[in-house]
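Undergrad: I'll drop the sequence and a predicted model, then ask my questions.
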Amino acid sequence: MGDLIVALVQLALVIVIVAGFWKVFTKAGQPGWACIVPFYNAYVMLQIANKPTWWLILFFIPVANFIVAILVNIAIAEKFGKSTGFGIGMAFLSFIFVPILGFGDAQYNQHA
């Protein structure tokens, strides 16, 4: 019974994160479904963050991938008018911050 509860909580968190990213992608003018396609979602996030495409390679390098993920989340947060702290929150507590960004009133500004 305990395993079922844990599995349901994990499923709920995954659904919340996917729905949040779907909205973030849509707000940024990208297809929402891209958030569920492995590797392509990282490519689209780089586009949203206005980072070079070659950074995709860095996602495959241990330690560098951790740093790049934080930098990309910070850049995405800034594109939506949020602070660096919000971007760090997106990196470490995505189940809270990504839905706030996706379902909140923040607007994407490509030139930010």
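TA: Good, I have the coordinates.

Undergrad: tell me the centre residue of the protein?
TA: Here the mean C-alpha position of the chain is nearest to the C-alpha of residue 21 (CA atoms, centre = their mean), at a distance of 5.7 Å.

Undergrad: List the contacts of that residue.
TA: Shown in contact with residue 21 (CB atoms under 8 Å, 6 or more residues apart in numbering): 35, 41, 98, 102. Bear in mind the C-beta positions are built from the backbone N, C-alpha and C, glycine included.

Undergrad: helix, strand or coil for it?
TA: Following DSSP: H, G, I helix; E, B strand; the rest coil, the label given to residue 21 is helix.

Undergrad: Could you pull up phi and psi at residue 87?
TA: phi -60, psi -40 (degrees, to the nearest 10).

Undergrad: Residue 51 now?
TA: Torsion angles, degrees, to the nearest 10, at residue 51: phi -110, psi 160.

Undergrad: Repeat that for residue 106.
TA: phi -60, psi 140.

Undergrad: isn't it right up against residue 78?
TA: No: judged on CB atoms under 8 Å, residue 106 makes no contact with residue 78 at a distance of 10.8 Å.
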